[in-house]
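J.: this is a predicted model, with the sequence first.
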Amino acid sequence: MPSGQELIDLLAQGISPTGASVPAYSVDEAVLRRYLEPETAAVAAQATLDGPMSPHFRVDRGQMTVGANVIPTVVMIAADGVPRYADPQYSFVRVPAGGSLTLGGSNSNGMILIAIGGKGSPGAEGGQAEVAGGGDSLCIALGGEGGQGLKGAALPILGGVPQTGGNGSDGGRATVKGGDGSDLYAFAGDGGQGGTGSRGSDLFVQMSTMALTPNPSNSPILSVPSAGGKGGVGGGGGFAQCAGGDASYVRAAAGDGGAPGEGGPGGKGGTAYAGTNSAMTYGDGGQGQGGTGGAGGDTHAVTGANGRREEVPGKGGKPTNTSGPGAKPGPDGSQL
């Protein structure tokens, strides 16, 4: 994986001069995430190898060439969420959120500062990223993506209620502060997709008097195929916040809500035989109801005199082609 100056050179593909004073730079979030998100996974993998005392983040330093300018640059990368380190006293693991971090300092005038939070593991939130820069700086924070909801638990063999998929988790917050004449970009993380509902229960027939309930007449105990479980709710998009000084440019772009979870597949049908000449055929159960999309993230941005601000609230999570019947979109975010 690229690091140091090699990574900074790649990130320069997403940053270009505008030829204006406000803003002085144009930033492409998609390009930055393309190169930074694999690094959050790499930091997590290294942290797993190094153990609990590892820093769970990485700092890369170098110089970025933007147009005719060569600018000192610092990039800080948090770790994706990973399972809890193995503990011989416990047989379970927990799934933590993506790593959060803060980057900044009093001597950051005229620098480029970039920070990204880690992606949440399934069922856990994305990490937060905060950048605090000086004057005439370019500061960029990218919140981590929220983890996908967990799949609904498997059903018991008889009489089980289909389980709803877990909710997707929220995207990480992005916060940026800077001095006069700075360009400030806060890109919050998207919410995770809701989890898939459990598979419905299959046709089940029990003729024996040793059934789960008393059955003295030896009549069949029948459980017909059920629909799958409902999809989980998508995670909410992360909150984006920017605050700049005079003649600064601030852009707060919130995360989008996660897509609704998919309804689980229906249980399998078949033919139930209750005696020599008695049979009834049942079809498969239907797909479970789709979930609801996550809410888009909110934004808040302020700037000083002669500054310019732009806010892009997140969009609510939308149903996909496979969400299932009844899936609903989530609400869009707002400017606060």
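T.: Arrived safely.

J.: you'd agree Asp9 is in a helix?
T.: Yes. If the criterion is DSSP: H, G, I helix; E, B strand; the rest coil, then Asp9 is within a helix.

J.: begin at 53, not 1, for the rest of this chat.
T.: Yep, numbering from 53; the last one is Asp61 now.

J.: how near is it to Ala72?
T.: The span separating Asp61 from Ala72 equals 25 Å under the rule C-beta to C-beta, to the nearest Å. Glycine gets a C-beta too; all of them are placed from N, C-alpha and C.

J.: look at the two and report which has more neighbours.
T.: Set side by side, Asp61 and Ala72 show more neighbours around Asp61, with 16 against 11, by other C-beta atoms under 10 Å.

J.: residues contacting the more buried one?
T.: Gly114, Met116, Thr117 (C-beta atoms under 8 Å, 6 or more residues apart in numbering).

J.: check the secondary structure at the last one for me.
T.: Read that as Thr117. The three-state label given to Thr117 by three-state DSSP is strand.

J.: can you tell me the closest non-neighbouring residue to it?
T.: Once its chain neighbours are removed from consideration, Thr117 has its nearest residue in Ala64; the separation is 6.1 Å (C-beta to C-beta, 6 or more residues apart in numbering).

J.: backbone dihedrals for that neighbour, please?
T.: Ala64 has phi and psi values of phi -60, psi -20 when expressed as degrees, to the nearest 10.

J.: now Ser189, nearest residue through space, not along the chain?
T.: If the residues on either side of it in the chain are set aside, Ser189 comes closest to Ser234, at 4.6 Å by C-beta to C-beta, 6+ apart.

J.: re the thing from before, neighbour-wise, which of the contacts of Asp61 leads?
T.: Going by other C-beta under 10 Å, Met116 tops the contacts of Asp61 with 20 neighbours.

J.: quick one: it and Leu59, what's the gap?
T.: For Met116, the distance to Leu59 (C-beta to C-beta) stands at 10 Å.

J.: go on, Gly280?
T.: Distance check for Gly280 against Leu59: by C-beta to C-beta, it reads 44 Å.

J.: okay, those two: which has more neighbours?
T.: Neighbour count, other C-beta under 10 Å: between Gly280 and Leu59, Gly280 has more, with 28 against 21.

J.: hmm, Gly297 and Val354 touching each other?
T.: No. Using C-beta atoms under 8 Å, Val354 and Gly297 do not qualify as a contacting pair, with a distance of 10.0 Å.

J.: more crowded one of those two?
T.: Counting neighbours by other C-beta under 10 Å for Val354 and for Gly297 shows that Gly297 has the greater number, 20 against 14.

J.: excluding sequence neighbours, find me the nearest residue to that one.
T.: Distances taken as C-beta to C-beta, 6+ apart put Asp232 closest to Gly297, at 3.9 Å, once the chain neighbours are dropped.

J.: can you check Gly66 too?
T.: Val83 (3.1 Å).

J.: give me the pLDDT for Gly296.
T.: We note a pLDDT of 96 for Gly296 in this prediction.

J.: what residues are up against it?
T.: With contacts taken as C-beta under 8 Å, 6+ apart, Gly296 has the following neighbours: Lys229, Gly230, Gly231, Ser234, Leu236, Val302, Val354, Thr355, Gly356, Gly359, Arg361.

J.: before we move on, what about Gly201?
T.: Contacts of Gly201 (C-beta under 8 Å, 6+ apart): 174-175, 217-221, 244-247, 284-287, 310, 313.

J.: list the contacts for the residue nearest to Thr117?
T.: Under the criterion of C-beta under 8 Å, 6+ apart, the contact list for Ala64 reads Met116, Thr117, Val118.

J.: how close does it sit to Thr216?
T.: Using C-beta to C-beta, we find Ala64 at a distance of 45 Å from Thr216.

J.: before we move on, what about Met163?
T.: Computed with C-beta to C-beta, the distance linking Met163 and Thr216 is 48 Å.

J.: where does the prediction get shaky in the stretch 153-302 of the chain?
T.: Across the stretch 153-302 of the chain, the stretches falling below the confidence threshold (pLDDT under 70) are 158, 207-211, 258-272.

J.: quick one: the strands in it?
T.: Assigned strands in the stretch 153-302 of the chain, in chain order: 153-156, 164-168, 181-184, 190-194, 226-229, 235-239, 256-258, 273-275, 292-295, 301-305 (criterion: DSSP state E, counting those that start in this stretch).

J.: so the residue nearest to Gly297 touches Thr355, yeah?
T.: No. With contact taken as C-beta under 8 Å, Asp232 and Thr355 are classed as non-touching, separated by 10.0 Å.

J.: the two: who's more crowded?
T.: Of the pair Asp232 and Thr355, Thr355 is the one with more neighbours under other C-beta under 10 Å, namely 21 against 18.

J.: list the contacts of the more buried one.
T.: With C-beta under 8 Å, 6+ apart as the criterion, the residues that contact Thr355 are Cys294, Ala295, Gly296, Gly297, Asp298, Ser300, Tyr301, Val302, Arg361.
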